[in-house]
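Colleague: give me a 3D structure for the following:
(chains A and B)
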2 protein chains.
Amino acid sequence: MTGGGQPFPPRPGPPWPGSLRPALLGPGREFDRIRAILSDIPNPGPDVRVGPGDDGAVFSDGLAISTDLSIEGVHFRLDWISPEEAGYRAAAAGLSDLAAMAAEPIALFASVAAPGDGTSAETVMQGVKRLAARSGIPLLGGDLTRSPGPLVVDVVSVGRSLDPLLRSGAGEGDELWVTGTLGGAAAAVALWSAGRPVPAEARRAFAEPSPRVREAIWLRRAGATAGIDLSDGIAGDAAHLAAASGVSIVLIAEALPVHPALSGADFPPGVDALGLALHGGEDYELLVAAPKGVLVSRVEEFSSLFDLPLTRVGRADGGAGVFLASGAQGDARRLLREGFDQFGAGGPG
Amino acid sequence: MTGGGQPFPPRPGPPWPGSLRPALLGPGREFDRIRAILSDIPNPGPDVRVGPGDDGAVFSDGLAISTDLSIEGVHFRLDWISPEEAGYRAAAAGLSDLAAMAAEPIALFASVAAPGDGTSAETVMQGVKRLAARSGIPLLGGDLTRSPGPLVVDVVSVGRSLDPLLRSGAGEGDELWVTGTLGGAAAAVALWSAGRPVPAEARRAFAEPSPRVREAIWLRRAGATAGIDLSDGIAGDAAHLAAASGVSIVLIAEALPVHPALSGADFPPGVDALGLALHGGEDYELLVAAPKGVLVSRVEEFSSLFDLPLTRVGRADGGAGVFLASGAQGDARRLLREGFDQFGAGGPG
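Modeller: Residues are numbered from 1 along each chain as shown, chains lettered A, B, ... in the order given. Presented below is the predicted three-dimensional model:
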């Protein structure tokens, strides 16, 4: 356990305004399905502070739980990364859901289905354990079974957040900030898919993402009002944050912190750095909202503390949807293509 | 939330003797893999009361968490049951892990990977929601993704147990008791696999198992010292309980409560009722140990309360392993074949 091992607090905190309706989601077929599934979910009652539709659930005592499923052929391919890396990556994606809520991780659980005699299941678990050890939390259990098809890893992340960062907290006039750089993982996927050389930094962005756990807690304390982790691309994830908060979001094209591996990479036709930074999934960076002026004076402190850039990439306005503005042109166009659709035609498979 | 919605208690209970080493497991290739995975797991620290290797993890404040993975072609086939039933069944199996620890369920999470356009993912979630509603707990979240192969359902069960029933609590001289009847689900699988008619009761045992949540809490309060849920067949699951408790277990052949659907069913050659009751998986009944004489006077109370038999099936002795005794013969033979091996040649796939 991290954080000195405090027990859960004896009393629920104050009610969390509006949290007992499922969070509103942005557009996309996957999210239409989730909306349909959530449509008849009963009110879970007063012990649940954050219900379905956010990055995870949060109970009134601060317990935060999230699950994250990784499937070979959908989220990764074993000619791109090793089974050990698939486990590491799945666990990192799981912890990233806790980071999105500014929760302190407590433990991981991992369920693995592996083809053949199960040797790769052990290797996958080694990767999960490596991420758990690096994060200072235990792997406390899971399930192990045979798969007649793809390798499957489902990671359950358990944490605690007495003051969770939600998707729904952004207000008009807030600034939007992003940790790290964008598009690195998507660049690796685009280059692998085209059979072109993958720079080591892009490969590492895909194979070993860093969940921004400590960064999220810092940002929450510094005044961030809303947050989401970038699993589906900033365009799509900003749409969830905008929908949950009841605002529109304007992203500034020139401000997006493009991953350094994207400059000079030999991309196939139709692929460019801005598109990867906007629509590329699985960076596992954070997008947070904060009131105007709150974070700007603390960028250097953040960068030196975490050895990571913190970049203002846009703002929240009235209305709905996500728009891309260009400083040179001054106008904003609506972003129609909103990230990776799990049930769409695209994706690594 | 169930149970009046008490928050987690403010202070950890007394330390749980010996619980911080992973539970010992019985024989089998799946369990060899789990042993290898657990071999270098670091001590999770004082906030964890029950670590890896039991039916789930239990934190010092009573929080209990378990994950359970169901894969099409391994655990079920869609020419046997519907996607909705696959969801119901996976959720029931998940809650059964909580029952095995005598934990009060709080919430479910479900991750689903579905082939095609995702329609079946919604249907699977309907089944999960049906079991959740029947159990009086909320579905609080999950994950939804495309599968390039089988339907995959991973269920995370969250509960609370201040006095968990563990696999490791049985002592020499304890009696072994079983809830309900055995072999019904395995009979359905054997008959489906042979292309023979499946009695409705056997089909229901497979498609809609009942997690013994309330029964487990009652049995713990009545004095049960150890327990496990029967997911892999009583022979194999008794071996886990025996290994974790450091005892041997003798099962009495004539005492095993065979599912009524097994009498008169048209089994293929080599399949018989005793074999199904011993080695058939996925009954999701409970096997508990209790000191001699503690439960015998309360069998009628149990049966009338839960409309379910409670049957004494054997005893714990010194030594190790699981033995089958026959009242007629008086001698006991070691059970070598210990249930369903996930990575073995058998199974529904």
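
Colleague: check the burial of residue A:116 by counting its neighbours.
Modeller: 11 (other Cβ atoms under 10 Å in any protein chain shown). No exception for glycine: its C-beta is placed from N, CA and C like everyone else's.

Colleague: and the residue nearest the centre of chain A?
Modeller: Nearest to the mean C-alpha position of chain A, counting by Cα atoms, centre = their mean, stands residue A:229 at 2.8 Å.

Colleague: my guess is it contacts residue A:282, does it?
Modeller: No: in this structure, residue A:229 is not within contact of residue A:282 by Cβ atoms under 8 Å, at 9.9 Å.

Colleague: neighbours of the residue of chain A found nearest chain B, just the number please.
Modeller: Residue nearest to chain B within chain A (Cβ to the nearest Cβ): residue A:149, separated by 2.6 Å. Neighbour count for residue A:149, taken as other Cβ under 10 Å: 20.

Colleague: phi and psi next, for it.
Modeller: phi -140, psi -120 (degrees, to the nearest 10).

Colleague: mind listing what residue A:65 touches?
Modeller: A:56-57, A:156-159, B:65, B:107, B:109, B:140-141, B:156, B:158 (Cβ atoms under 8 Å, 6 or more residues apart in numbering or on different chains).

Colleague: if residue A:108 is in a bridge, with which residues?
Modeller: residue A:139, residue A:157 (DSSP bridges).

Colleague: gap between it and residue B:294?
Modeller: Distance of residue A:108 to residue B:294, computed by Cβ to Cβ, to the nearest Å: 38 Å.

Colleague: residue A:270 too?
Modeller: Distance, residue A:270 to residue B:294, by Cβ to Cβ: 72 Å.

Colleague: what about those two, which has more around it?
Modeller: residue B:294 (17 against 7).

Colleague: these two touch, right, that one and residue B:221?
Modeller: No: here residue B:294 does not reach residue B:221: they are 11.2 Å apart, not a contact under Cβ under 8 Å.

Colleague: helix, strand or coil for residue A:228?
Modeller: strand (DSSP: H, G, I helix; E, B strand; the rest coil).

Colleague: again with residue A:235
Modeller: Residue A:235 is classified as helix under three-state DSSP.

Colleague: model confidence for it, exactly?
Modeller: Looking at residue A:235, its pLDDT reads 94.

Colleague: please pull out the lowest mean pLDDT helix or strand from chain A.
Modeller: helix A:29-38 (a mean of 70; mean pLDDT, DSSP states H and E).

Colleague: contacting residues for residue A:150?
Modeller: Residues in contact with residue A:150 (Cβ under 8 Å, 6+ apart) are A:71-74, A:115, B:147-149.

Colleague: not counting sequence-adjacent ones, nearest residue to it?
Modeller: residue A:72 (3.8 Å; Cβ to Cβ, 6 or more residues apart in numbering or on different chains).

Colleague: where does chain A have low pLDDT?
Modeller: Applying pLDDT under 70 to chain A picks out residues A:1-24, A:30, A:34-35, A:38-46, A:53, A:328-330, A:336-349.

Colleague: ok, now how distant is the residue nearest to residue A:88 when sequence neighbours are not counted from residue B:65?
Modeller: Once flanking residues are discounted, residue A:88 sits nearest to residue A:127: 3.7 Å by Cβ to Cβ, 6+ apart. Separation of residue A:127 from residue B:65 (Cβ to Cβ): 21 Å.

Colleague: then residue A:210?
Modeller: Residue A:210 is 25 Å from residue B:65, by Cβ to Cβ.

Colleague: neighbours around the residue nearest to residue A:88, how many?
Modeller: Residue A:127 has 25 neighbouring residues, counting by other Cβ under 10 Å.

Colleague: residue boundaries of the strands in the stretch 151-300 of chain A?
Modeller: For the stretch 151-300 of chain A, applying DSSP state E, counting those that start in this stretch gives strands covering A:152-160, A:175-179, A:226-229, A:248-252, A:286-290.

Colleague: buried residues in stretch A:214-228?
Modeller: A:215-220, A:222, A:224-228 (16 or more other Cβ atoms under 10 Å in any protein chain shown).

Colleague: of those residues, just say which sits nearest to residue A:257.
Modeller: residue A:215 (14.0 Å; Cβ to Cβ).

Colleague: so that closest one touches residue A:284, yeah?
Modeller: No: using Cβ under 8 Å, residue A:215 is not in contact with residue A:284, being 11.1 Å away.

Colleague: between those two, which contacts overlap?
Modeller: Taking Cβ under 8 Å, 6+ apart as the criterion, residue A:215 and residue A:284 both touch residue A:99.

Colleague: returning to that earlier point: in a markdown table: the contacts of residue A:65, plus distance to residue A:120.
Modeller: Below are these laid out as a markdown table (distance: Cβ to Cβ, whole Å):
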| residue | distance to residue A:120 |
| --- | --- |
| A:56 | 28 |
| A:57 | 31 |
| A:156 | 20 |
| A:157 | 22 |
| A:158 | 25 |
| A:159 | 28 |
| B:65 | 25 |
| B:107 | 31 |
| B:109 | 25 |
| B:140 | 31 |
| B:141 | 28 |
| B:156 | 23 |
| B:158 | 29 |
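
Colleague: so which of those residues would you say is closest to residue B:170?
Modeller: residue B:65 (23.5 Å).

Colleague: and the closest residue to the residue nearest to the centre of chain A other than its chain neighbours, what does it touch?
Modeller: Spatial nearest neighbour of residue A:229, chain neighbours left out: residue A:100 (3.9 Å); criterion: Cβ to Cβ, 6+ apart. Contacts for residue A:100 (Cβ under 8 Å, 6+ apart) come out as A:55-56, A:165, A:216, A:227-229, A:286.

Colleague: ditto for residue A:209
Modeller: Residue A:209 neighbours (Cβ under 8 Å, 6+ apart): A:89, A:92-93, A:96, A:185, A:282-284.

Colleague: test my guess that the residue of chain A closest to chain B contacts residue B:115.
Modeller: No: look at residue A:149 against residue B:115 with Cβ under 8 Å: they stay out of range, at 9.4 Å.

Colleague: list residues touching both of these two?
Modeller: Counting by Cβ under 8 Å, 6+ apart, the residues touching both residue A:149 and residue B:115 are B:147-150.

Colleague: from residue A:26, how far off is residue A:66?
Modeller: Distance of residue A:66 to residue A:26, given as Cβ to Cβ: 18 Å.

Colleague: kindly report the same for residue A:276.
Modeller: 19 Å.

Colleague: among those two, which residue is more densely surrounded?
Modeller: Set side by side, residue A:276 and residue A:26 show more neighbours around residue A:276, with 28 against 23, by other Cβ under 10 Å.

Colleague: next one: phi and psi at the spatially closest residue to that one that is not a sequence neighbour?
Modeller: Excluding the flanking residues, the one nearest residue A:276 by Cβ to Cβ, 6+ apart is residue A:183, at 3.6 Å. Main-chain torsions, residue A:183, degrees, to the nearest 10: phi 90, psi -10.
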